[in-house]
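Participant: no sequence on hand, only this structure:
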């Protein structure tokens, strides 16, 4: 399920956006002790410093977070997410090593939490230690196993906790496998659950990114999903326009690079020189990337305008925007769509 993008990025995004909800759902004692009036501080740089050189699993996501406690002190929370198709005999040892390195490097006492997203219900590491000749050391950590929540979507969403949407999406991905029709239905149902919960825009955006990744659909079904979202939500779907933009930009860039390589290779072959082929391809790729970027921008503009102002207004704008050569100007117009009150507001950005 990680074919298109790096597997870790969506987990990091949703965990950072819904860290409070994650602890509320799975580690309620920690949630109760934390002063949530003070925003958690995510310590990616510090984590990399402490664990440099440590053996890292190939399918892991780690977050180190500083939180304020209600008693006036502060602590660090190490959340380790394991995403893999099979058990890892070194996982608990790695948890211990990371915990110890943070303690040693910064003289801080982190709390380690394991979130296991693998599909093996029987694999449940909860600690690591060793002992010999009355000398012993051990780390025990709370462990959350996502497969424990199979068939419990209603319970996950009870109380309106939006992190339950992420868990349900992950479990739906495991259950649907290579059945895109079922994935489409699950993703649509979870989208409606998210809307029903009234999730805030920033958290909804993180969840949509996560669902788009974990419940990946073929392009045709993905387009159908967004089309139906627009029909159901109308203008309120504007808060998710960035998903359209990203898709359009990505498609346009890929198509442009391919076109540029084809044109460049043809140019090089026409010159009949090996160097010409390389030069021509390089020139073509550069040209193709620019063409792809423009194409992606135009597609993103069209989608955004249709969502915000309707198809008729979008058609009128697109004819005018098509005559603009500056990619910077097109980018400014795209970024302004979400806050524009009327098409006239956008026109002022490029009329002169």
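Facilitator: Yep, it's here. Keep in mind the model is a prediction, meaning the values are calculated, not measured.

Participant: from now on I want contacts and neighbour counts done on CA atoms only, so please keep to that.
Facilitator: Will do.

Participant: quick check: which ranges of the stretch 151-300 of the chain have low pLDDT?
Facilitator: Along the stretch 151-300 of the chain, segments meeting pLDDT under 70 span 233-292.

Participant: where do the helices sit along it?
Facilitator: All helices of the stretch 151-300 of the chain, identified by DSSP state H, counting those that start in this stretch, fall at 153-157, 163-176, 180-197, 201-214, 219-233, 241-271, 274-309.

Participant: kindly check the end-to-end length of stretch 17-34 for me.
Facilitator: Taking C-alpha to C-alpha, to the nearest Å, stretch 17-34 runs 17 Å from one end to the other.

Participant: tell me the mean pLDDT for that stretch?
Facilitator: Across stretch 17-34, the average pLDDT comes to 92.

Participant: what's the average pLDDT for stretch 106-117?
Facilitator: Average pLDDT, stretch 106-117: 88.

Participant: what helix or strand is residue 78 on?
Facilitator: strand 74-82 (DSSP states H and E).

Participant: strand partners of that strand, parallel vs antiparallel please.
Facilitator: The pairing partners recorded for strand 74-82 under DSSP bridges are strand 60-68 (antiparallel), strand 111-116 (parallel).

Participant: can I get these in a markdown table including distance to residue 48 and mean neighbour count?
Facilitator: Shown next, in a markdown table, are the strands paired with strand 74-82 (distance: least, C-alpha to C-alpha, whole Å; neighbours: other C-alpha atoms under 10 Å):
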| stretch | distance to residue 48 | mean neighbour count |
| --- | --- | --- |
| strand 60-68 | 10 | 19 |
| strand 111-116 | 16 | 21 |
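
Participant: how far off centre is stretch 336-343?
Facilitator: Centroid separation for stretch 336-343 versus its chain: 26 Å, with C-alpha atoms, centre = their mean, to the nearest Å.

Participant: wait, doesn't residue 44 sit right on residue 66?
Facilitator: No - taking contacts as C-alpha atoms under 8 Å, residue 44 lies outside contact range of residue 66: 10.7 Å.

Participant: ok, and what's touching stretch 151-160?
Facilitator: 149, 164, 165, 167, 168, 197 (C-alpha atoms under 8 Å, 6 or more residues apart in numbering).

Participant: buried ones in that stretch, by neighbour count?
Facilitator: Going by neighbour count (16 or more other C-alpha atoms under 10 Å), the buried part of stretch 151-160 is 153, 156, 157, 160.

Participant: the third one and residue 202, how far apart?
Facilitator: Applying C-alpha to C-alpha, one obtains 19 Å for the distance of residue 157 from residue 202.

Participant: try the first one
Facilitator: Counting by C-alpha to C-alpha, the gap between residue 153 and residue 202 amounts to 22 Å.

Participant: same question, the second one
Facilitator: Residue 156 sits 20 Å away from residue 202, taking C-alpha to C-alpha as the criterion.

Participant: so which of the contacts of stretch 151-160 is the closest to residue 81?
Facilitator: Minimum distance to residue 81 across these is 12.5 Å, recorded for residue 167 (C-alpha to C-alpha).

Participant: report the residue spans of the stretch 1-150 of the chain with pLDDT below the cut-off.
Facilitator: Looking at the stretch 1-150 of the chain by pLDDT under 70, you get 1-9, 53-60, 82-86.

Participant: can you give me the end-to-end span of stretch 33-45?
Facilitator: Length of stretch 33-45, first residue to last, C-alpha to C-alpha: 25 Å.

Participant: name the residues of that stretch that come out as buried.
Facilitator: Using 16+ other C-alpha under 10 Å as the test for burial, stretch 33-45 gives 34, 35, 40, 42, 43.

Participant: next: stretch 118-128.
Facilitator: Those would be 118, 119, 125, 126, 127, 128, for stretch 118-128 by 16+ other C-alpha under 10 Å.

Participant: farthest pair within the residues you listed?
Facilitator: Between any two of the buried residues of stretch 118-128, the greatest separation by C-alpha to C-alpha is 21.6 Å, found for 119 and 128.

Participant: where does residue 128 land in three-state SS?
Facilitator: Recorded secondary structure, residue 128: strand (DSSP: H, G, I helix; E, B strand; the rest coil).

Participant: distance of it from residue 186?
Facilitator: Taking C-alpha to C-alpha as the measure, residue 128 falls 37 Å from residue 186.

Participant: likewise residue 344?
Facilitator: To residue 186, residue 344 is 39 Å away according to C-alpha to C-alpha.

Participant: show me where the stretch 1-150 of the chain has its strands.
Facilitator: 41-42, 60-68, 74-82, 111-116, 127-132, 135-140, 143-145 (DSSP state E, counting those that start in this stretch).

Participant: check which residues of the last one are buried.
Facilitator: In other words, strand 143-145. Buried residues in strand 143-145, counting neighbours by 16+ other C-alpha under 10 Å, are found at 143, 144, 145.

Participant: show me the domain layout of the protein.
Facilitator: Domain segmentation of the chain under automatic domain parsing yields 8-128+139-217, 248-350.
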